[in-house]
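A.B. asks: structural data only, the sequence is not supplied:
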């Protein structure tokens, strides 16, 4: 049940991003992005969630249900999705990243960010691309004040796909970084 | 002493399609792992060779001549001439009627015998004869136990291959690859003909990038069993293994130095994916070799130990670069296309194989260092992970048929293609092992 709510949110996001006419629509279908020197630095001003279904952040000290597992809490959302051939954290994920940055600062709980890519191209090169996505999420969190030492970034590359098959939908689902806390 | 030239005008087209069920000929292997090999295409000139069944080989646990014949046929460089109807079958040189074999179209003939010894082993003798000139090209005796008969057949095929083509034979080598069955990952080691596959590691998490130590005794690979990529080295003789790179972040892309003492690996402990050198036993600290703000990965040592080829996106797209093995200034090697990855040196060090993207296809290609000439060898949709056979004549790679991963091999001139099909599961990440001394 919790999963389905999360998945609905994800689907909404995917529908949103797949309608943008990016490079993806051209013939060349592989993630090969070079160093993103021109990528704008994420703004540290937390924007309120625009999605009506999301709830405000509740810190770990508020008691009651574990905020990380409470489906009405934004902290239960763990996935940041990326555009094709990109490691830029999109605006729509900034509330989620910001909430986790705040949580990890307060809870002092170790976090791992796991980067993923779609299946096209070299496995080892994709591992490095997934790492870059995880690093981009971490960079945004540390700019928002999260302690760097609590966050490890790793990559699964194309090895642990959530979306199965070779469809554009599966590829989009796999261009992703997941936030996992120690002990989970 | 040479048997060349073979004025044998062969079907150069891909019409010659042989399906070799060599692996099912002998029943003594686990049923779960059957790699069958299908050959497409052939060499420009095929050497017609007759292989006479060895004396009393039917009575031994592993008849040799079927293995020898399958090896030679698989290379695409030989055409086996049927010895049927020639009676008696010769086993000794003085029993050979050269004209009779020549009339069959054979230019070379293999004869031999298998004799049990008093201590329970087998005395295997063979001779390679030039039936055109009526001379002997090679002759060897092996005294082996039953378990070594198949390897002995591969060694005989190696001698024949070397005598008749001038290149080193690689039939007595091994390959490694990863099989995915559902959510289970298995690291396999098998003979070069796919026979005798053994699982050396099974895990519920992915395994990638297995690579052979230069002496063939160890494999380095990346396993995700600790919920992140970690590099291990595993001994094939003891089965014991060592964690050699488990630093903060991701650890991947191991490559052996030619002396087997060091590994180039990719670590993210200091930020982006960069190349480091570490001790192959896991001792001491990593030494950083590359220094770029982008991704540097897939290192591969040159056979002389002087250079590293690697993939980098420092120029905006992934391309292949070369730098001194001790680090330093890198030179870009590939310029055609937006995506050139996974470089591996040829055994003679004169060029390298890699994967090039063309449109939506990923092909195995070779490039020569001197001429910078690129040759595409395959036209599969998703060909990956190429590695040379130790004689440089074939390249083993991962391909896909109907969404399922398979292994394939192509000759370095692109003429001969082989497809290995596993009965079940998704096969990927192959690497061809070294010659065993």
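C.D. replies: Perfect, thanks for sending it. Just so you know, these numbers come straight off a predicted model, no measurement behind them.

A.B. asks: from here on, just use CA atoms for contacts and neighbour counts.
C.D. replies: Fine.

A.B. asks: what packs against the longest helix seen in chain A?
C.D. replies: For chain A, the helix reaching the highest residue count under DSSP state H is reported as helix A:123-143. On a contact count with 3 or more CA pairs under 8 Å, 6 or more residues apart in numbering or on different chains; DSSP states H and E, helix A:123-143 meets helix A:94-107, strand A:111-116, strand A:151-157, strand A:176-181, strand B:296-301.

A.B. asks: if I pick residue A:96, what's in contact with it?
C.D. replies: A:74, A:75, A:77, A:78 (CA atoms under 8 Å, 6 or more residues apart in numbering or on different chains).

A.B. asks: and the gap between it and chain B?
C.D. replies: 22 Å (CA to the nearest CA, to the nearest Å).

A.B. asks: and the pLDDT at that residue?
C.D. replies: Note for residue A:96: predicted pLDDT of 97.

A.B. asks: low pLDDT regions in chain B?
C.D. replies: B:1-37, B:39-44, B:422-423, B:437 (pLDDT under 70).

A.B. asks: which bits of it sit near chain A?
C.D. replies: Neighbours of chain A within chain B, by CA under 8 Å from any CA of the partner chain: B:206, B:208-209, B:224, B:228-229, B:248-250, B:252-253, B:272-273, B:293-295, B:297-298, B:311, B:313-318, B:339, B:341-342, B:359-360, B:362, B:382, B:384-385.

A.B. asks: repeat that with 7 Å
C.D. replies: B:206, B:228, B:248-250, B:253, B:273, B:294-295, B:297-298, B:313-318, B:341-342, B:359-360, B:384 (CA under 7 Å from any CA of the partner chain).

A.B. asks: which residues touch residue 151?
C.D. replies: Let's take chain A. A:110, A:111, A:112 (CA atoms under 7 Å, 6 or more residues apart in numbering or on different chains).

A.B. asks: switch to chain B, that's the one I care about
C.D. replies: residue B:172.

A.B. asks: which secondary structure element contains it?
C.D. replies: helix B:149-165 (DSSP states H and E).

A.B. asks: the residue in chain B positioned nearest to chain A and residue A:115: what is the separation?
C.D. replies: Residue of chain B nearest chain A, by CA to the nearest CA: residue B:316 (4.0 Å). Separation of residue B:316 from residue A:115 (CA to CA, to the nearest Å) stands at 20 Å.

A.B. asks: which one of those two is surrounded by more residues?
C.D. replies: residue A:115 (33 against 14; other CA atoms under 10 Å in any protein chain shown).

A.B. asks: which strand residues bridge that one?
C.D. replies: Legend: beta-bridge partners of residue A:115 under DSSP bridges are residue A:155, residue A:177.

A.B. asks: buried ones in the strand or helix carrying residue B:395?
C.D. replies: Assigned by DSSP H and E, residue B:395 falls within strand B:394-401. If you call a residue buried by 16 or more other CA atoms under 10 Å in any protein chain shown, then strand B:394-401 has these buried ones: B:394, B:395, B:396, B:397, B:398, B:399, B:400.

A.B. asks: can you list the strands that the helix or strand that the helix holding residue B:151 is followed by pairs with?
C.D. replies: Counting by DSSP H and E, the next helix or strand C-terminal to helix B:149-165 is strand B:174-181. The pairing partners recorded for strand B:174-181 under DSSP bridges are strand B:184-191 (antiparallel), strand B:426-432 (antiparallel).

A.B. asks: ok, and what's touching the last one?
C.D. replies: Going back to what we said before, that points to strand B:426-432. Residues contacting strand B:426-432 (CA under 7 Å, 6+ apart): B:174-181, B:208-211, B:385, B:387-389, B:396-398, B:404-407.

A.B. asks: circling back to that earlier point, which one of the contacts of residue A:96 is nearest to chain B?
C.D. replies: residue A:78 (16.6 Å).

A.B. asks: so who does that closest one touch?
C.D. replies: A:178, A:179.

A.B. asks: picking that back up, export the helices and strands packed on helix A:123-143 to JSON lines and tack on distance to residue B:349?
C.D. replies: Shown next, in JSON lines, are the helices and strands packed on helix A:123-143 (distance: least, CA to CA, whole Å):
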{"stretch": "helix A:94-107", "distance to residue B:349": "48"}
{"stretch": "strand A:111-116", "distance to residue B:349": "34"}
{"stretch": "strand A:151-157", "distance to residue B:349": "30"}
{"stretch": "strand A:176-181", "distance to residue B:349": "39"}
{"stretch": "strand B:296-301", "distance to residue B:349": "10"}
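
A.B. asks: residue B:64: which of those is closest?
C.D. replies: Nearest of the helices and strands packed on helix A:123-143 to residue B:64, taken as CA to CA: strand B:296-301 at 36.9 Å.

A.B. asks: the closest one to helix A:123-143, inter-axis angle?
C.D. replies: Interaxial angle, strand B:296-301 versus helix A:123-143 (axes from the mean of the first three to the mean of the last three CA atoms, to 10 degrees): 140 degrees.

A.B. asks: and the contacts of strand B:296-301?
C.D. replies: A:124-125, B:253, B:255-257, B:264, B:266, B:273-275, B:307-312, B:342-344.
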